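*Asks:* Output the structure for:
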Amino acid sequence: FSRVIRTNEFPSQRTRSCDLELPYFEDMILLSASTPSSLFVYGTLMSPRVLKILIGRVPGILQPVVLNHHCRHPVIDEVFPGMIPGVGSTTGVLLQGLSPNELTVLDWFEGDEYTRKDVEVQKILSDELAPRKFSTQCYIWANGITELDQSCEWDYKTFEKTKLNWYLKNSVRPCRAELNSLGIGRYD
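*Replies:* Here you go, the predicted structure:
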């Protein structure tokens, strides 16, 4: 569901597009629960600017939160990561109080490259206290490990400094415009 768009600034980068078919979206609405949910995020969705554009607000954020037995790697020729089960742990943030509509928008944005799965994350409080555990969900990379650069870990701070503005312009805002044109996940 991603459309390849090349630019001069990052010529090897394709932008993400929200090209899901409308019937798929309607099925997702039917499956949505009516209570707010949480979501562990570890990549571009850690950015308050990305969230503000996609869902119109920055939800409650608990950080840092760790997901054990998973590793985060750059997707080859992309600015975003994929996370897979593996040795080690991944640090991210826990978005809290997401509505079913907001989760549907985020599912749509992530497309079929990711699968939202149940996980247990933990917030490390201090050396003396046991970690606080949370049952939540997160997006696991679904396109296969050959599309990930497993020689390194994706770094949020580097993304934020060097590629976030490009990503907002070439991926997030076009996706939000497409969602708006379809009347999906509108906010005021």
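*Asks:* Wait, residue 112 touches residue 141, no?
*Replies:* No - taking contacts as Cβ atoms under 8 Å, residue 112 lies outside contact range of residue 141: 11.1 Å. For the C-beta atoms, the positions are set from N, CA and C on the backbone; glycine is no exception.
*Asks:* Can you tell me the element residue 134 falls in?
*Replies:* strand 132-141 (DSSP states H and E).
*Asks:* Which strands or helices does that strand pack on?
*Replies:* Packed against strand 132-141 by the contact rule (3 or more Cβ pairs under 8 Å, 6 or more residues apart in numbering; DSSP states H and E) you find strand 37-41, strand 60-74, strand 81-98, strand 114-123.
*Asks:* so where's this structure uncertain?
*Replies:* Applying pLDDT under 70 to the chain flags residues 1-36, 128, 188.
*Asks:* Grab the most central residue of it for me.
*Replies:* By Cα atoms, centre = their mean, the chain has its centre lying nearest to residue 45, at 4.3 Å.
*Asks:* Next, the contact list for it, please.
*Replies:* 39, 51, 95, 106 (Cβ atoms under 8 Å, 6 or more residues apart in numbering).
*Asks:* swap the cut-off to 10 Å and go again
*Replies:* Residues near residue 45 by Cβ atoms under 10 Å, 6 or more residues apart in numbering: 39, 51, 54-55, 80, 92-93, 95, 106, 109-110, 138-139, 172.
*Asks:* coming back round to it: can you tell which of the helices and strands packed on strand 132-141 is closest to residue 148?
*Replies:* Among the helices and strands packed on strand 132-141, strand 60-74 comes nearest to residue 148, with 4.1 Å by Cβ to Cβ.
*Asks:* follow-up on the earlier one: in terms of neighbours, single out the busier of residue 112 and residue 141.
*Replies:* Using other Cβ atoms under 10 Å, the more surrounded residue of residue 112 and residue 141 is residue 141, with 21 against 13.
*Asks:* wait, that one sits on residue 78?
*Replies:* No - counting by Cβ atoms under 10 Å, residue 141 sits too far from residue 78 to count as a contact (11.2 Å).
*Asks:* Could you name every residue contacting both of these two?
*Replies:* 113, 147, 148.
*Asks:* I figured the last one hits residue 77, correct?
*Replies:* It refers to residue 148. No - using Cβ under 10 Å, residue 148 is not in contact with residue 77; the gap is 11.1 Å.
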